[in-house]
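Undergrad: I need the structure of the sequence given here:
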Amino acid sequence: MTTLLVDIGNSRIKWARFDGTHVSRGQAAAHAQWRRADYARRLFSPARGLAQVVVASVAGALVDRTLAAAAREAGLAARFVSVPRLGGGIAVGYAEPWRLGVDRYVALVGAHALFRAVPACVVGVGTAMTIDLVDAAGRHRGGVIIPAPNLMVETLLTRTSGIRRRAQGGVVGGRGIFGRSTRDAIELGARYAAAALVDRAVEEAAGMLGREPLVLLTGGEAPAVRPLLRSSWVGVPDLVLRGLAVLARTAAPRARRR
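TA: Take a look at the predicted model:
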């Protein structure tokens, strides 16, 4: 039975096929301009051999309905994962589990399945940057959210007229954290701030757990942060898809049909 795995973020969509054992090489694209025909052409052509579609989406109801309609045209019902109290090997640490982003939950499922009995800080760098701690037993200990570096830069450029004017042009290539122009200083500051938070999270987690967690980096903007980390890290670009594969094998908890 082949499953189509779909991870829809705020700006990008990733997808791959899962045959019950292996996840195929994933594909990714910006989805802002996609219509139903685009989902049908890119995800479901050909639909031959697909038995189910499992989706983690944080893109909103309109995008979800559009994807679901494309799936129906292909003779499939899209199953949208919801966040349970306990599922996929993860015990969610939020007092109200539904408040945890489904992409974060599914990434935790993937992390715990890939690295059994190893505590991990799961760092997702997309539009926002999230850090979630999961212990060796699969207990989610909570998380933190900040703007990712690109959003930090965008916010400064759109909310501060003086910085925006001075950031137009200028030399780049500062040494270490210190930029040689306003634009350079903004971009380096954002990247170093994100990396410093990851290192601080690892330090805090080590105090909680009695051992240093593994840092798992995922998300399209992860390359901006990883060279600056002092903590040891492993990159898993398709971590959410890996988590969806686990849930596809075990009947995704509280899946919603659209």
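
Undergrad: where are the low-confidence patches of this protein?
TA: Applying pLDDT under 70 to the chain flags residues 171, 173-174, 251-258.

Undergrad: ok, which stretches of it are helices?
TA: With DSSP state H, the ranges of helices along the chain come out as 36-43, 61-73, 102-114, 149-159, 161-166, 182-209, 239-249.

Undergrad: The longest one: which residues count as buried?
TA: What it means is helix 182-209. 182-195, 197-198, 201-202, 204-205 (16 or more other CB atoms under 10 Å). (C-beta placed from N, C-alpha, C; glycine too.)

Undergrad: for the last one, same thing?
TA: Buried residues in helix 239-249, counted by 16+ other CB under 10 Å: Leu239, Val240, Leu241, Arg242, Gly243, Leu244, Ala245, Val246, Leu247, Ala248.

Undergrad: Could you dump those into TSV with distance to Ala136 added?
TA: Formatted as TSV, the buried residues of helix 239-249 follow (distance: CB to CB, whole Å):
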residue	distance to Ala136
Leu239	18
Val240	21
Leu241	23
Arg242	18
Gly243	17
Leu244	22
Ala245	21
Val246	17
Leu247	21
Ala248	24
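
Undergrad: now, which of those residues sits nearest Gln27?
TA: Taking CB to CB as the measure, Gln27 lies nearest Leu241 of those, at 10.3 Å.

Undergrad: and the closest one, what is it in contact with?
TA: Contacts for Leu241 (CB atoms under 8 Å, 6 or more residues apart in numbering) come out as Leu5, Asp7, Lys14, Trp15, Ala16, Phe18, Val23, Gly26, Gly110.

Undergrad: Same question for Glu187.
TA: By CB under 8 Å, 6+ apart, the neighbours of Glu187 are Pro149, Val153, Gly179.

Undergrad: now Val134
TA: Per CB under 8 Å, 6+ apart, neighbours of Val134: Ile90, Leu108, Ala111, His112, Pro119, Ala120, Val122, His140, Arg141.

Undergrad: Closest one to Arg175 out of those, please.
TA: Closest to Arg175, out of all of the contacts of Val134 and judged by CB to CB, is Val122, at 31.6 Å.

Undergrad: related to what we said a few turns ago, so which of the contacts of Glu187 is the most crowded?
TA: Pro149 (24 neighbours; other CB atoms under 10 Å).

Undergrad: What sits closest to it if chain neighbours are left out?
TA: With sequence-adjacent residues excluded and distances taken as CB to CB, 6 or more residues apart in numbering, Pro149 is closest to Ala190, at 3.9 Å.

Undergrad: these two touch, right, the one you found and Met152?
TA: Yes - the criterion here is CB atoms under 8 Å, and Ala190 meets it with Met152 at 3.8 Å.

Undergrad: For Ser181, give its distance to Gln168.
TA: 10 Å (CB to CB, to the nearest Å).

Undergrad: The two: which is more packed in?
TA: A direct count of neighbours by other CB under 10 Å for Ser181 and Gln168 places Ser181 higher, at 17 against 10.

Undergrad: which residues does the closest residue in space to Ser181 that isn't next to it in sequence contact?
TA: Leaving aside its chain neighbours, Ser181 sits nearest to Gly170 (2.8 Å; criterion: CB to CB, 6+ apart). Applying CB under 8 Å, 6+ apart to Gly170 gives the contacts Arg180, Ser181, Thr182, Arg183, Asp184.

Undergrad: Check the gap between Gly170 and Asp135 for me.
TA: 45 Å.
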